[in-house]
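In: Structure of the sequence below:
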Amino acid sequence: MLAPTIGIGFILTTALAAAAPLSTVTLDYGTFTGLTNTSSGIVYFRGVRFADPPIGNLRWRAPVSPPSTHLGHVNASQFGPACIPTKASNAVPGSTSEDCLFGNVFIPIATEPTSKLPVLVYFHGASPTLYFLTHPRNAVGAPPDNLIQGAAKPFIFVTFQYRLGQFGFLGGNKVAKDGLLNAGLWDQRAALEWVQRYISAFGGDPKQVTIWGQSAGAGSTMYHLIAEGGQDRHLFHRAMGDSSPFLFMPSSTDAFLQDLFAQFAGLAGCGGATDTMSCLRAASTQSLAVGGSSTLANLSSVLFPFGPIMDGKFISVRPVEAFKSGKFLKIPVFFGSNTNEGSHWSAELHNPAANTSEPNATEDTVFNFLSGQWPGLTRATFNTATSPNFYPQTSFANFSLQGQQMYGEMRYICSGLMITGALHDAGIASFGYHWDNPILGSDHASELQMFYNIGEVFDPLDQILAVDMRAYWTSFATDGVPSAAGAPAWTTAGTNGTPRMLLHPGQVGMEAVTSELTDRCAFWHSQDVIQELDT
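Out: The predicted structure follows:
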């Protein structure tokens, strides 16, 4: 690729746009008029409600989708409010609400109801910081225009919001008895069912749906691959994930979840209630936000206290066990990770009592940080991990760098390799990548700048790489094989996820996964360790 170009699909789309754009769509629960932009060549349907507000008695219950009441004629030119994340602050962030189950549909301007375009559904990440930086509901923060314009073939881009933190992933016996575990994942399931039911009205093909996510969103695509033991509900046909995490996943009866629920309920003002769930459903949004933020503050060693749960229904087998045993959908996948996945949380790996700005973590600091994310991690397993076979301290300039690499591989890097390797072993095409960028950085989520132009400051080599990556990602969604004109061919992954595509400015091509990384991942995914970590 010699220079950035606009995709052929976008050129054809705009050239054919003489007919009136599909700017108004009528569904059985309302009519939606989007925003047509002839400059971008895109029609934006924003703030399309796909479920009833999950408030009051619908808190921690299954989403009601499609909406139970007719919405009339909706001006779909503005985004709906975002879902509330768990943050350190007690305040409910502006532009957020519990009433947040909205989707956004972005279609090429020449799309007709009979176009049957491929559909790419994107699930955002859920880290409070990354959420506001990269959420596609924010046209300034993460517009999909570059993806649509950079594609070789036209497609429809769709985003959905889902309940987060304590609103979407509250666990414990009381929620299991009088509510719904993993409500956020069920929101996503409802969104995918919405696509099957309604996307044809927007010119999309419900038989060509690809799901994609980053970070927690990539974890979501992974959970949909293993949902209900890998049962195929025919809701999507390909899956993509940028930095999919293997998290600590307790069962619904785990003591950790009972303690977490009791702490949250007490901090939300319902600790002494006779019926705790009724009290929480009657509480104000602010009270629930305070309960979540205060719980997060109390669990200072845990990055994400509210996360997916092995509920026996949506998730009946933990991810590592599912991919080892073949309990996953047999569809083409595209997963990868970044070189420095762990560096985003490097601030957690220091001694706050030390009066220095230099990395000053100790062995205990690293162990305490990792055991905060995986409470079952024993000192014996940690000692094995830091032995000469895997992560010897002598290989790192300081303990902080050691911890960063351990965390990045445990949580993100090894998961992508396992997924692509498992699909290959099942006889399905899989594609892996390795993002390594010394110009923009290679930490967690840094590759999103290639797609959404967050910051808009690119080195010339990055500009070329951005064009190629947009083509690679979107062509997988349209054709099932990543390709980019003038760029290296992308071959399928094999056992253990090797080879994979190296995405480095000025140096793009297939690379082998090192035997050292394969061995480290095999250690983290060994039976004894996964039972200890509950991953």
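In: Strands along this protein, start to end?
Out: Taking DSSP state E to define them, one finds strands in the chain at 24-27, 30-33, 35-37, 42-49, 73-75, 102-108, 117-123, 156-160, 204-214, 238-242, 333-338, 430-435, 500-504, 507-511.
In: Nearest approach to Leu417 belongs to which of those strands?
Out: If you check each of the strands of the chain against Leu417 by C-beta to C-beta, strand 430-435 wins as the nearest, at 6.6 Å. Every residue, glycine included, has its C-beta placed from N, CA and C.
In: May I see the buried residues of the closest one?
Out: For strand 430-435, a neighbour-count test (16 or more other C-beta atoms under 10 Å) marks 430-435 as buried.
In: Ok, stretch 218-236 next?
Out: Applying a neighbour-count criterion of 16+ other C-beta under 10 Å, the buried positions in stretch 218-236 are 218-227, 230, 235-236.
In: Can you tell me which of the residues you listed is closest to Asp187?
Out: When those are compared for distance to Asp187 (C-beta to C-beta), Ser220 comes out closest, at 9.9 Å.
In: so the residue nearest to the closest one when sequence neighbours are not counted bridges to which residues?
Out: Take Ser220 and drop its neighbours on the chain: the residue closest to it by C-beta to C-beta, 6 or more residues apart in numbering is Phe123, 4.5 Å away. In this structure, Phe123 bridges to Phe160, Gly213 when assessed by DSSP bridges.
In: change the start of the numbering to 21 and stick with it
Out: Sounds good: first residue 21 from here, last item Phe143.
In: so Phe143 makes contact with Tyr182?
Out: Yes - checked against C-beta atoms under 8 Å, the pair Phe143 and Tyr182 is within contact range at 7.2 Å.
In: can you list residues touching both of those two?
Out: Among the neighbours of Phe143, those also in contact with Tyr182 (C-beta atoms under 8 Å, 6 or more residues apart in numbering) are 208, 240.
In: related to what we said a few turns ago, any chance of CSV for the strands of the chain, columns distance to Tyr492 and mean pLDDT?
Out: Below are the strands of the chain laid out as CSV (distance: least, C-beta to C-beta, whole Å; pLDDT from 0 to 100):
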stretch, distance to Tyr492, mean pLDDT
strand 44-47, 30, 99
strand 50-53, 32, 99
strand 55-57, 25, 97
strand 62-69, 21, 97
strand 93-95, 35, 99
strand 122-128, 19, 97
strand 137-143, 13, 98
strand 176-180, 16, 97
strand 224-234, 12, 98
strand 258-262, 10, 98
strand 353-358, 9, 98
strand 450-455, 8, 98
strand 520-524, 8, 98
strand 527-531, 9, 98
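In: Go through those strands and name the closest to Phe410.
Out: In this view, the strands of the chain are compared for proximity to Phe410 by C-beta to C-beta, and strand 353-358 is the closest at 17.9 Å.
In: Check what contacts that closest one and list those residues.
Out: Contacts of strand 353-358 (C-beta under 8 Å, 6+ apart): 238, 245, 258-264, 428, 432-433, 435-436, 439-440, 443, 448, 450-456, 462-467, 493, 496, 502, 520-521.
In: What pairs with that strand, parallel or antiparallel?
Out: With DSSP bridges as the test, strand 353-358 is paired with strand 258-262 (parallel), strand 450-455 (parallel).
In: Out of those strands, which gets nearest to Thr51?
Out: For Thr51, the closest of these is strand 258-262, at 30.9 Å, according to C-beta to C-beta.
In: buried ones in that closest one?
Out: Of the residues in strand 258-262, those with enough neighbours to count as buried (16+ other C-beta under 10 Å) are 258-262.
In: residue ranges with poor pLDDT in the stretch 271-420 of the chain?
Out: Counting by pLDDT under 70, the stretch 271-420 of the chain shows low-confidence ranges at 365-380.
In: how about the helices in it?
Out: For the stretch 271-420 of the chain, the helices defined by DSSP state H, counting those that start in this stretch cover 275-287, 296-302, 305-318, 339-345, 383-393, 399-405, 419-428.
In: JSON lines please, covering those helices and showing mean neighbour count.
Out: Below are the helices of the stretch 271-420 of the chain laid out as JSON lines (neighbours: other C-beta atoms under 10 Å):
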{"stretch": "helix 275-287", "mean neighbour count": "19"}
{"stretch": "helix 296-302", "mean neighbour count": "19"}
{"stretch": "helix 305-318", "mean neighbour count": "20"}
{"stretch": "helix 339-345", "mean neighbour count": "21"}
{"stretch": "helix 383-393", "mean neighbour count": "19"}
{"stretch": "helix 399-405", "mean neighbour count": "15"}
{"stretch": "helix 419-428", "mean neighbour count": "24"}
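In: thinking again about what came up before, deepest of the strands of the chain, which one?
Out: Mean neighbour counts were taken over those using mean count of other C-beta atoms under 10 Å, and the top value, a mean of 29, falls to strand 353-358.
In: which one of the buried residues of strand 450-455 sits closest to Leu316?
Out: Each of the buried residues of strand 450-455 was checked against Leu316 using C-beta to C-beta; the closest is Trp455, at 28.8 Å.
In: So in the chain, which helix runs the longest?
Out: Counting by DSSP state H, the longest helix found in the chain is helix 480-499.
In: got the contact list for the residue nearest to Glu341 when sequence neighbours are not counted?
Out: Setting aside the residues directly before and after it, Glu341 is nearest to Ile550 in space (C-beta to C-beta, 6+ apart), at 6.8 Å. With contacts defined as C-beta under 8 Å, 6+ apart, the neighbours of Ile550 are 338, 340-341, 544.
In: Between the residues you listed, which sits nearest Ala82?
Out: Nearest to Ala82 among those: Arg338, at 22.8 Å, using C-beta to C-beta.
In: In contact with that closest one, which residues?
Out: For Arg338, the residues meeting the contact criterion (C-beta under 8 Å, 6+ apart) are 269, 330, 550, 554-555.
In: In CSV: the residues you listed, plus distance to Leu277.
Out: Shown next, in CSV, are the contacts of Arg338 (distance: C-beta to C-beta, whole Å):
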residue, distance to Leu277
Met269, 11
Met330, 10
Ile550, 19
Asp554, 11
Thr555, 16
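In: Check these and tell me the two furthest apart.
Out: Met330 and Ile550 (12.4 Å).
In: Distance-wise, check Ala509 relative to Leu308.
Out: Distance, Ala509 to Leu308, using C-beta to C-beta, to the nearest Å: 50 Å.
In: same check, this time on Thr58
Out: Distance from Thr58 to Leu308, counting by C-beta to C-beta: 43 Å.
In: do the same with Arg66
Out: Using C-beta to C-beta, which is the criterion applied here, Arg66 is 26 Å from Leu308.
In: Could you give the separation of stretch 93-105 from the chain centroid?
Out: Average the C-alpha atoms of stretch 93-105, do the same for its chain, and the two points are 20 Å apart (C-alpha atoms, centre = their mean, to the nearest Å).
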